[in-house]
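Enquirer: quick check, what structure comes out for this input:
(one chain, ligands or ions: 2)
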Amino acid sequence: MDDELIKRAADIIANSKKLLVFTGAGISAESGIPTFRGQDGLWENYRVEDVATPEAFLRNPRLVWKFYSERRRKALSVKPNAAHYAVARLEKLFDDFLVVTQNVDDLHRKAGNKKLIEIHGNLFREKCTACAFIRNSESSYEEPPLCPDCGAMLRPDVVWFGEPLPEKEINEAFDFAEEADTVIVIGTSAIVFPAAQLPFIVYNHGGKVIEVNLEPTPVTDIANVSIFEKCGIVLPKILDEIEAIL
Ligand code: NAD
Ligand code: ZN
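Expert: Ligands and ions are numbered 1, 2, ... in the order given. Modelled structure (predicted):
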């Protein structure tokens, strides 16, 4: 790995006042959670349109809950990795700080991050399809669970394809990006919009962009530093450098 790139990234971050971290499925890959765009076009052996759209839930809520129950069990069986812990270290160094994640696996929270916005929801929350009921849950279900308040079906509180992002979360994330002087983009293919706009918002007002991924993405075009290497290896090194500077 290129130590010069690590130093350049650390320098930019250490000189930032308002720091945004934007993460995707790649940051959880080294924990053992598969990323989304597998080579065979399947997502953990399912077709996305069968399990992660509102239409799929209307058609076959049992199958959708089977899929999310499997994802819950998987996410419960793994731990945050070195990249998540490096991001938790960052939060301790910067007052004006935010992680925006597209992941639903809860691993940033488990690593210790508190300033966290989950723009695609959380795997361990479920909400009523009819009323405002919402609860945390680690359960697996054979049959769709029913709302204790109104009896309607509960659904996973995640954002499915074709659904809008939660308004409060996306507004907070965009407002922060408008003023951030640096964004670190980690393990996202950066093609799921509008979330993928975040790095471009920072870039457009003159902020710096640092990217850690295995391969180039649309963000690479606007990045001041791109490092193509596993984030579990790169991020702890960047953190060591930053802590030496600060
Ligand atoms: P994606 O699967 O489209 O892209 C993953 C990216 O991570 C790729 O660019 C890949 O090159 C990179 N990557 C893989 N391993 C890496 C590593 N070790 N270090 C650095 N980079 C690595 O994921 P996305 O951009 O997050 O978009 C997929 C959507 O699917 C999201 O909206 C998300 O909500 C959902 N999703 C979430 C999870 C999760 O919660 N862990 C998992 C899969 C999908
Ligand atoms: Zn209800």
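
Enquirer: now the strands for this protein?
Expert: With strands called from DSSP state E, the chain shows them at 18-23, 96-101, 116-118, 121-128, 134-136, 154-158, 182-186, 208-213, 225-228.

Enquirer: and for residue 145, the neighbour number?
Expert: Other residues within reach of residue 145, judged by other Cβ atoms under 10 Å, total 16. All C-beta atoms are positioned from the backbone trio N, CA, C, and that covers glycine.

Enquirer: residues near residue 88, how many?
Expert: Close neighbours of residue 88, defined as other Cβ under 10 Å, add up to 19.

Enquirer: and what of the one 10 residues further on?
Expert: Residue 98 is flanked by 22 other residues according to other Cβ under 10 Å.

Enquirer: do the same with residue 234
Expert: Per other Cβ under 10 Å, the neighbour tally for residue 234 reads 22.

Enquirer: surely it meets residue 227?
Expert: Yes. With contact defined as Cβ atoms under 8 Å, residue 234 counts as touching residue 227 (5.2 Å).

Enquirer: residue 235 reaches residue 86, doesn't it?
Expert: Yes. Counting by Cβ under 8 Å, residue 86 is a contact partner of residue 235 at 3.6 Å.

Enquirer: between the two, which is the more surrounded one?
Expert: residue 235 (29 against 25).

Enquirer: got the contact list for the more buried one?
Expert: With contact set as Cβ atoms under 8 Å, 6 or more residues apart in numbering, residue 235 has these partners: 82, 83, 86, 87, 186, 212.

Enquirer: now distance to residue 126 and pLDDT too, for those residues, in CSV please.
Expert: What follows is the contacts of residue 235, written out as CSV (distance: Cβ to Cβ, whole Å; pLDDT from 0 to 100):
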residue, distance to residue 126, pLDDT
82, 31, 98
83, 28, 98
86, 31, 98
87, 26, 98
186, 28, 98
212, 32, 98
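
Enquirer: so which of the residues you listed are also by ligand 1?
Expert: Here is what survives when these are matched to ligand 1 using Cβ under 6 Å from any ligand atom: residue 212.
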